[in-house]
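Participant: below are the sequence and a predicted model; questions follow.
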Amino acid sequence: MISWRNGESMASDYFCEHGYKILARNYRCKRGEIDIIAAQKGLLVCAEVKTWSRVEMDGIEYSVDYKKQRALLAACKVFLLKNPKYAESMVRFDVVFIDADSGVLRHIEDAFTESGVI
């Protein structure tokens, strides 16, 4: 069984294998938390990682509710203010789901935008 911490490590490894540089893990501020912040060629990815056991993968993307999305957006804004070299980057919000029993990883790019779930 994969723990949530191991799930975040798997997600980080996945991003690295796909050419991203990990800038932060478990980035926290008063306004929220981002599990992984990664960069690649002018793109900044803020990723929420969910490691769950015995849950169907269909429809699981809805687990990142409106409140969580707002917290991720707010934390991203704080990160950008504190790291101005990324201020001109395009920002994408992804969700990575990991089945704790099988280790299957599912990456959803552009899971939501500042205006809401796509």
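Facilitator: All right, it came through fine. Residues are numbered from 1 along each chain as shown.
Participant: element containing the residue nearest to the spatial centre of the chain?
Facilitator: Centrality entry for the chain: nearest residue to the mean C-alpha point is residue 47, 0.9 Å, by C-alpha atoms, centre = their mean. Using DSSP states H and E, residue 47 sits within strand 43-52.
Participant: show me the contact partners of that strand.
Facilitator: Residues outside strand 43-52 that contact it (C-beta atoms under 8 Å, 6 or more residues apart in numbering) are 2-4, 6-8, 11, 15, 20, 23, 34-39, 60, 63-64, 68, 72, 75-76, 79-80, 86, 89-100, 111. Placement of C-beta: from N, CA and C, glycine included.
Participant: got the CA positions of it in CSV?
Facilitator: Extracted C-alpha coordinates of strand 43-52, given in CSV (Å, rounded to 0.1, in the frame of the first residue of the first chain):
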residue,chain,number,x,y,z
LEU,A,43,5.3,27.0,-17.5
LEU,A,44,4.7,26.8,-13.8
VAL,A,45,2.6,23.8,-12.6
CYS,A,46,0.8,23.8,-9.3
ALA,A,47,-0.2,20.2,-8.6
GLU,A,48,-2.5,18.7,-6.0
VAL,A,49,-1.7,15.0,-5.3
LYS,A,50,-4.4,12.6,-4.1
THR,A,51,-3.4,9.1,-3.0
TRP,A,52,-6.4,7.0,-2.3
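Participant: neighbouring strands - and their directions - for that strand?
Facilitator: Sheet pairing of strand 43-52 (DSSP bridges) gives strand 32-40 (antiparallel), strand 90-99 (parallel).
Participant: from residue 101, how far off is residue 114?
Facilitator: Distance, residue 114 to residue 101, by C-beta to C-beta, to the nearest Å: 34 Å.
Participant: any idea which helix is longest in the protein?
Facilitator: Using DSSP state H, we find that the single longest helix of the chain is helix 66-82.
Participant: and that one, which residues are buried?
Facilitator: 69, 71, 72, 73, 75, 76, 78, 79, 80 (16 or more other C-beta atoms under 10 Å).
Participant: dump those into a markdown table; add distance to residue 29 as well.
Facilitator: A markdown table is the format used below for those (distance: C-beta to C-beta, whole Å):
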| residue | distance to residue 29 |
| --- | --- |
| 69 | 16 |
| 71 | 10 |
| 72 | 11 |
| 73 | 12 |
| 75 | 5 |
| 76 | 10 |
| 78 | 4 |
| 79 | 8 |
| 80 | 11 |
